[in-house]
Structures are given as C-alpha cells and as structure tokens.
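Chemist: Give the three-dimensional model of this entry:
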Amino acid sequence: MNKIGFPTKEKELHNHHIDSTIWNDLRFRDDDIIISTYAKAGTTWMQQIIAQLLFNGAEGLDVAEISPWVDLRVPPKEVKLPLIEAQSHRRFLKTHLPVDALVFSDKAKYIYIGRDGRDVVWSLYNHHLNANTAWYEALNDTPGRVGPPIEPPPSSIIQYFNDWLDNDGFPFWSFWENVRSWWEIRNLPNVLLVHFAKLKEDMPGEIRRISEFIDTPIDESNWEKILRHCSFDYMKTNATKSVPLGGAFWDGGAETFIHKGTNGRWRELLSAEDIARYDDRAVSEIGSNCAHWLATGELR
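Modeler: Residues are numbered from 1 along each chain as shown. Take a look at the predicted model:
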C-alpha cells in the first residue's frame, strides 16, 4: 500500500490464461470501470449490467468486444492495448487478477463480484468440460504461455472439486488469494463488493446500487428495458453478444458459456465431510467474516 492506502503492484502472474504485465502498459482514464472476479462468479453478468447502464438499455451490444479481459494473454498486448486505447465510450474492463498483481488507479471504479467457491467450481467444470480444441490450442499452443498447459478435466466433478480445493484453484489460479486481496481493500472509496447471490435475490436493487457507485444515473424511462436485458433468459438468448468470440471456444456455443447461473448444485453431490472441509478451509484462508460474506453475500 502507498501512503494514502491505495494498493501498489507487487508481482506478476503468468499461466496458460494470464499475462498480468499487460496492465503495466495500460493508460488509465479517470472514469474507467474495472470489473473483477476470480472467475465464473458473475463477470459476464456484471459486464452486461454495466453495458446496460452506460448505453441506457441499448439492444444488441457486443459486450465481449467492448469490455475486454485485459490480462488474458491472447491476443497479446501489442494487439489488445491499441484496441482498448481506441475506445471512445466510457471503458469497462475485466480482470481476474488478485490486487497485488494489478496496476491500481485511484481514479478508476472497481467492482468485485464474490461467489461461494463451491458454486464457482460447478460453473468452472461446465466451462472446462465443454471447451473445444480451439480453446486448448489458444491457451496451450500460442506464444507466451508460462508454466504447464491446461489439460482436459477428469470425468468426475467431485474429483475436480477436490483437486481445485487441495491445490487452491487448480488448474486455473489461486482462489483464496484472489478473494482475500479484494476483501482487504473493500473499504476504499473506489471499490464496491457485489455478491452473485444478492444479484440473484434482488437484481433491481443491486443494479441501482451499482449505478450510484459508477455515477451513472438511471434513465427511468428505460428501466424495464435495462432489467430485461440483464436477465439470464435474455443473456442466454443473446449469448453470442456477451461471450468471447461468440462462444466459438465451447461445444454448444455461447449458450454453454452462459449456462445456468444456479447456486447450490454442489449440495446434492458433496458429502458432509467435503462441505465441512471447504468451510474450514475458507475460514482459515480468508477469516470468518469474509468466509461468511462469500457463502451468503451478507456483510457482518
């Protein structure tokens, strides 16, 4: 942290997906919005919400194009950064980095979305299981990959969960570090915590809270249109506009990427011991208050 409490970058993160150095060369604008999650915690949903607020309920927005994932290592920064710099609208950019691998602007607005790690794993498994050859080739065979390739998932989602829990995010990146780093800066004036479960429970209320945070008043004449365009039904029907490359990396296309947005599916398959092991790990890694928020969306 610097003298006024804003975090400073302390490390780089590289793997089959990520090249954190791309942020080093990004030229921030004072009104930038940064959407952050671990992964599969509502990133695409939040991008849709921000797009609808900024573009006042517009139809047919190519959200995946206008809200790029900055630290995704493909395409490389020589291609990606000029495209971001050329954007003339208010930018809303996506990251999956922990705070200490991110260049942090004291002027930008940061929205972090949390979700119970078990729900994250169930969504990740669908994402990984349905990835096609083009996905593996882009992540494993293009220049710049650091570390081992990503391999196809096991046939058992229980094994997938156990591998992810035992190896802290395997085969992606650390879950606990990501959550902990954003929780630690939750009180900064330009950081907003949002929880997936709360979005499901009260989307209108959460969208109003988000609009206030990003200083974008809602046009009430378009309010019902904004809500409709942020619904899962609408997003799934129009998934090619929200998903990278229109869903070309997944069997079943963009609708596979959007999937269900359902919480609690793990309750039917995990044993009581598995559930307790996750709960104990959460408290030990991120503390009881953060673990409670992550599991419920309730701050205490």
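
Chemist: What segments of the stretch 51-200 of the chain are helices?
Modeler: Using DSSP state H, counting those that start in this stretch, the helices found in the stretch 51-200 of the chain span residues 63-66, 77-85, 117-129, 133-140, 157-166, 175-183, 196-201.

Chemist: The longest one vs helix 133-140, what angle?
Modeler: Going by axes from the mean of the first three to the mean of the last three CA atoms, to 10 degrees, helix 117-129 is angled at 110 degrees with respect to helix 133-140.

Chemist: Check which helices and strands helix 117-129 sits against.
Modeler: If contacts are counted by 3 or more CB pairs under 8 Å, 6 or more residues apart in numbering; DSSP states H and E, helix 117-129 sits against helix 157-166, helix 175-183, helix 272-286. For glycine as for every other residue, the C-beta is placed from the backbone atoms N, C-alpha and C.

Chemist: Highest mean neighbour count out of these?
Modeler: Mean neighbour count (mean count of other CB atoms under 10 Å) peaks for helix 175-183 among the helices and strands packed on helix 117-129, with a mean of 22.

Chemist: Looking at that helix now, give me its mean pLDDT.
Modeler: Per-region confidence: helix 175-183 scores 98 on mean pLDDT.

Chemist: follow-up on the earlier one: now the helices of the stretch 51-200 of the chain in a markdown table, with distance to Thr44?
Modeler: Listed next are those as a markdown table, based on distance: least, CB to CB, whole Å:
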| stretch | distance to Thr44 |
| --- | --- |
| helix 63-66 | 8 |
| helix 77-85 | 18 |
| helix 117-129 | 11 |
| helix 133-140 | 16 |
| helix 157-166 | 20 |
| helix 175-183 | 17 |
| helix 196-201 | 11 |
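
Chemist: Could you tell me the end-to-end distance of stretch 26-41?
Modeler: End-to-end span of stretch 26-41 (CA to CA, to the nearest Å): 25 Å.

Chemist: mind listing what the spatially closest residue to Asn190 that is not a sequence neighbour touches?
Modeler: Excluding the flanking residues, the one nearest Asn190 by CB to CB, 6 or more residues apart in numbering is Lys109, at 5.4 Å. By CB atoms under 8 Å, 6 or more residues apart in numbering, the contact list for Lys109 reads 31-34, 190, 192, 213-215.

Chemist: Next up, phi/psi of the nearest residue to Trp183 once chain neighbours are set aside, please.
Modeler: Nearest non-adjacent residue to Trp183, counting by CB to CB, 6+ apart: Cys290, 4.5 Å away. Here is the backbone geometry of Cys290 (degrees, to the nearest 10): phi -70, psi -40.

Chemist: thinking again about what came up before, tell me the bridge partners for the residue nearest to Asn190.
Modeler: When bridges are called by DSSP bridges, Lys109 pairs up with Ile33.

Chemist: measure it to Ser36 for me?
Modeler: As judged by CB to CB, to the nearest Å, Lys109 and Ser36 stand 11 Å apart.

Chemist: before we move on, what about Glu59?
Modeler: 27 Å.

Chemist: With neighbour numbers in mind, choose between these two.
Modeler: Ser36 (23 against 11; other CB atoms under 10 Å).

Chemist: Looks like the more buried one contacts Trp182 (just checking).
Modeler: Yes: between Ser36 and Trp182 there is a contact at 6.6 Å, judged by CB atoms under 8 Å.

Chemist: which residue ranges form the helices in the stretch 201-300 of the chain?
Modeler: Going by DSSP H, counting those that start in this stretch, the stretch 201-300 of the chain shows helices at 203-213, 223-229, 232-237, 254-258, 272-286, 288-296.

Chemist: Scan the helices and strands of the protein for the one with the lowest mean pLDDT.
Modeler: Counting by mean pLDDT, DSSP states H and E, the chain has its least confident helix or strand at helix 254-258, which shows a mean of 52.
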